[in-house]
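> Build me a model from this:
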Amino acid sequence: MAQGRRVERVASLIRREVSELLLNGVRDERIHQGMVTITEVEVSRDLQHCKIFVSIYGEEQQKNEVLDGLKAASGFLRGELGRRMNMRRAPEVIFQIDQGIEKGSSVLNLLGKLEVERKAREGIPPENQNESSNA
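Below you'll find the model as predicted:
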């Protein structure tokens, strides 16, 4: 069980350090085109591989450019992580887009549309819909 806590601790440190590096250390302009949020960091049990899940706000083309910039900077980030965290071998860094926030937003939009349709079937006028939901 101690191994699991260590992996979690390392993942938390990697998340903090990569966030700091993305703000101040990486100079690739592609990365700064969109708003990048680190949503999760998964580290393998042997600490040799690290998946960093990011959410990127922007258009699809912009997201792809930012992801390309992150992948290009992964070697630099690996070296900096090893140096900052005093690790003998820094983990290989892999970036992946986290679709969770977008999926959650689309589900909320669908639920909103269903609610409007339900109220329309019940005969509640659109201007009174908010009043009936607050009651």
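> all helices in this protein, in order from the N-terminus.
2-24, 60-72, 74-84, 100-122, 129-134 (DSSP state H).
> dump the residue contacts of the residue nearest to G69 when sequence neighbours are not counted.
Take G69 and drop its neighbours on the chain: the residue closest to it by C-beta to C-beta, 6 or more residues apart in numbering is R30, 3.1 Å away. Placement of C-beta: from N, CA and C, glycine included. Listed by C-beta atoms under 8 Å, 6 or more residues apart in numbering, the contact set of R30 reads E65, V66, D68, G69, A72.
> now L110
Applying C-beta under 8 Å, 6+ apart, one finds that L110 lies in contact with no residue.
> The closest residue to K63 other than its chain neighbours: how many residues sit nearby?
Among residues not flanking K63 along the chain, I56 sits closest, at 4.5 Å (C-beta to C-beta, 6+ apart). Per other C-beta atoms under 10 Å, the neighbour tally for I56 reads 24.
> Can you name the residues that contact I56?
Contacts of I56 (C-beta under 8 Å, 6+ apart): G34, M35, V36, T37, Q62, K63, V66, L67, I97.
> what do you get if the cut-off is 7 Å, keeping everything else the same?
I56 makes contact with G34, V36, K63, V66, L67, I97, according to C-beta atoms under 7 Å, 6 or more residues apart in numbering.
> Check what pLDDT the closest residue to the first one other than its chain neighbours gets.
The shortest distance from G34 to any non-neighbouring residue, by C-beta to C-beta, 6+ apart, is to G58 (3.7 Å). According to the per-residue confidence, G58 scores 81 in pLDDT.
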